[in-house]
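[1] Sequence first, then the predicted structure, then my questions.
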Amino acid sequence: VRREINFSCLTPGLCCVCLQDQAAKDKALQSMATISATAFQNKMALQGLSRPPYPTAGGVSSVIKPFPQQSYVMQTSGPPPITGYESMAGLSMSPGAPPWQGRSIASSKLRMLEFSAFLEQPQDPETFNKHLFVHIGQSNPTFSDPYLEAVDIRQIYDKFPEKKGGLKELFEKGQPDTFFLVKFWADLSANLQEDRGFFYGVSSQYESSENMIITSSTKVCSFGKQVVEKVETEYARFENGRYVFRIHRSPLCEYMINFIHKLKHLPEKYMMNSVLENFTILQVVINRDTLETLLCIAYVFEVSTSEHGAQHHIYRLVKD
């Protein structure tokens, strides 16, 4: 099995850590480095905001907007859903479609089995602790399970690049069953004081009934603008009658490691959420040879307050 990784800039042919320009990187990181508790409180006061109350033990807010503008609601026992709705839009599946279609991150040609961003902290030469920042575990939906809720894709256009190859253009040209939104409640409880020898990575796994080569593009966006992109090519491995693609322990880029550290330095979780309002990731998986979009996943984030660690909720993106 071969895997190719390319941290590429917007200029074709370059193979390096990808930043649109150094100024964009510096601006994005500085937006957190210069934020203090006082600055946040002053900003919120100007907007007529008060510090958000924490819910009582066991309480869960009933509704949370994809991108809250006026207040933050913190969950304690599990992730409350984005305001989605039941819709059959984009669910034109064949009679023989497997149960995971429409119920998980899966199109007619590719299914995501697992996704995680993690930190490995060595304890001694033989062992290490693994902390999951975000995680989507394997699931096996049945036909009795409900379909994923739908979210109008127009709600999030401004959170992602709009130029050529952006989310809007991808949706207009792609198949409706390939577009998803994932809301992560990230677990930032890891101790990052002494991080020498730490490994920050991302792993993901996919399967298909077709033998093909896939290319996964992951774009980190700040205020709707692309800051860094990572492109990986993965070859299929035939297992148990299916073609499996594994991107295993792919190193997290420098920008993301710095971002996590800056975020951790903020004293309050509602301050972290304020920063995360303008931080998104767009992952696009295509067939390398045909350039067909197989999966397009938009990720948005808040900080988890659950004792169970990272949480997530998956939606279908539609345009009614």
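    Received it, and whenever you're ready, just let me know what you need.

[2] where are the low-confidence patches of this structure?
    1-93, 194 (pLDDT under 70).

[3] change it to 50
    8-21, 35-77 (pLDDT under 50).

[4] Show me which residues of the longest strand seen in it are buried.
    Ranked by number of residues, the top strand in the chain under DSSP state E is strand 111-124. Residues of strand 111-124 classed as buried: 111-113, 115-119, 121 (neighbour count, 16 or more other Cβ atoms under 10 Å). The way it works is simple: take the backbone N, C-alpha and C, and place the C-beta from them, glycine included.

[5] in which helix or strand would I find residue 195?
    Using DSSP states H and E, residue 195 is not contained in any helix or strand.

[6] Oops, could you answer that again for residue 249 instead?
    strand 242-251.

[7] Give me the contacts around that strand.
    The contact list for strand 242-251 (Cβ atoms under 8 Å, 6 or more residues apart in numbering) reads 1, 3, 5, 199-212, 214, 216, 230, 232, 234-238.

[8] ok, it: who's next to it in the sheet?
    Sheet partners assigned to strand 242-251 using DSSP bridges are listed as strand 199-208 (antiparallel), strand 237-239 (antiparallel).

[9] I'd like those as JSON lines, with mean neighbour count appended.
    Formatted as JSON lines, these follow (neighbours: other Cβ atoms under 10 Å):
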{"stretch": "strand 199-208", "mean neighbour count": "19"}
{"stretch": "strand 237-239", "mean neighbour count": "11"}
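
[10] so which of those strands gets nearest residue 253?
    For these, the distance to residue 253 is smallest for strand 199-208, at 8.9 Å, taking Cβ to Cβ.

[11] Just want the angle from whichever helix or strand comes after the closest one to strand 199-208.
    Once strand 199-208 ends, the next helix or strand along the chain (criterion: DSSP H and E) is strand 213-222. Going by axes from the mean of the first three to the mean of the last three Cα atoms, to 10 degrees, strand 213-222 is angled at 130 degrees with respect to strand 199-208.

[12] Tell me who's in contact with residue 168.
    Taking Cβ under 8 Å, 6+ apart, one finds 153, 157, 162 in contact with residue 168.

[13] Against residue 180, how distant is it?
    Separation of residue 168 from residue 180 (Cβ to Cβ, to the nearest Å) stands at 16 Å.

[14] Likewise for residue 110?
    Shown here: residue 110 relative to residue 180, a distance of 12 Å by Cβ to Cβ.

[15] Need the overlap of contacts for those two.
    With Cβ under 8 Å, 6+ apart, residue 110 and residue 180 have common neighbours residue 295.

[16] one step back: dump the strands paired with strand 242-251 to TSV, plus distance to residue 134.
    As requested, the strands paired with strand 242-251 are arranged in TSV below (distance: least, Cβ to Cβ, whole Å):
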stretch	distance to residue 134
strand 199-208	9
strand 237-239	25
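
[17] Minimum distance to residue 141: which of those has it?
    strand 199-208 (14.2 Å).

[18] Put the buried members of the contacts of residue 168 into a ChimeraX selection.
    The ChimeraX command for the buried members of those (criterion: 16+ other Cβ under 10 Å) is given here:
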select :153
